[in-house]
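J.: Return atomic coordinates for the entry below.
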Amino acid sequence: MKNQSKFILLSAALAVFTLPVVAQSTDASANGQVTGQTIQERKDNQQDRIANGVMTGQLTAAETSNLEKKESELNHEENDMRKQDDGRLTSADKAALTQQQNQLSKDIYQDKHNSATQNTGKDPVDERAQSQQERIAHGIKSGQLTAGEAAHLENNEAKINNEVKNDRAANGGKLTAQEKAQVNRQQNRESHQIYNARHNGRVR
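T.: Alright, predicted model coming up:
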């Protein structure tokens, strides 16, 4: 019985120590400070948060494009640092990258919790847009899409969304048959680009 009691107490103590680390990896913290993760683990965590934001509609296409551009720039900077030090990161490199990741983490949190959301209406045009957003989100989460590819695709989505919004504003909230045909052609082109980007062999 004594040994069993000791085991229970030890398990409880370990659980208490591990809780802060788990909590820090969630999207609940707005300060962007995360400890106990490597640079790569931090990038994966942030990409997952972006993907989840896309799938839930918390992130608009424009917001996602902006976040992915920042992620891509951060990745390029890391690659340049590694090239200068035989594939390694110095302590100064890690500190600089961590500081930038903290800022990106704050940006992700703020974009996911502001009033801007992705339109998820029942109109076929909106449903098609939502479907493509989900495909992009799955590509981000699985690593099939690099940050640069995701930024390019989301920029295309943002342009289509803006065009649809302007067309509806000019026609009492509706799209004409000609406008629907035009949007459908653009969405077909975007769909092919999503497929090609997810299956080109480049991964994040």
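J.: where does the protein dip in pLDDT?
T.: 1-36, 119-121 (pLDDT under 70).
J.: Kindly recompute the last result at 50.
T.: For the chain, applying pLDDT under 50 flags the ranges 12-25, 28.
J.: Nearest the middle, which residue of the chain would you pick?
T.: Against the mean C-alpha coordinate of the chain, by C-alpha atoms, centre = their mean, the closest residue is I50 at 2.1 Å.
J.: Check the offset of the helix or strand harbouring that residue from the chain's centre.
T.: Secondary structure from DSSP states H and E places I50 in helix 39-56. Distance of helix 39-56 from its chain centroid, counting by C-alpha atoms, centre = their mean, to the nearest Å, is 5 Å.
J.: measure T60 to K180 for me?
T.: Going from T60 to K180 by C-beta to C-beta, to the nearest Å gives 22 Å. (C-beta placed from N, C-alpha, C; glycine too.)
J.: Neighbour count: the two, which is higher?
T.: Taking neighbours as other C-beta atoms under 10 Å, T60 and K180 compare with T60 leading, 22 against 16.
J.: re the thing from before, please name the nearest non-neighbouring residue to the residue nearest to the centre of the chain.
T.: In space, and not counting its chain neighbours, I50 is closest to L67: 5.6 Å by C-beta to C-beta, 6 or more residues apart in numbering.
J.: how about the strand or helix carrying that neighbour: buried residues?
T.: In the assignment (DSSP H and E), L67 maps to helix 61-84. Going by neighbour count (16 or more other C-beta atoms under 10 Å), the buried part of helix 61-84 is 61-72, 74-75, 78, 81.
J.: now stretch 126-139
T.: Within stretch 126-139, the residues that count as buried by 16+ other C-beta under 10 Å are R128, A129, Q130, Q132, Q133, R135, I136, A137, H138, G139.
J.: CSV please, covering these and showing secondary structure and distance to Q110.
T.: What follows is those, written out as CSV (DSSP: H, G, I helix; E, B strand; the rest coil; distance: C-beta to C-beta, whole Å):
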residue, secondary structure, distance to Q110
R128, helix, 28
A129, helix, 23
Q130, helix, 23
Q132, helix, 25
Q133, helix, 20
R135, helix, 25
I136, helix, 21
A137, helix, 19
H138, helix, 24
G139, helix, 24
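J.: List the buried residues for the one helix or strand N102 maps to?
T.: Per DSSP H and E: N102 is located in helix 91-112. The neighbour-count check on helix 91-112 (16+ other C-beta under 10 Å) flags D93, L97, T98, Q101, L104, S105, D107, I108, Y109, D111, K112 as buried.
J.: hmm, back to that, show me what the helix holding I50 packs onto, helices and strands only.
T.: When contacts are defined as 3 or more C-beta pairs under 8 Å, 6 or more residues apart in numbering; DSSP states H and E, helix 39-56 sits against helix 61-84, helix 91-112, helix 124-142.
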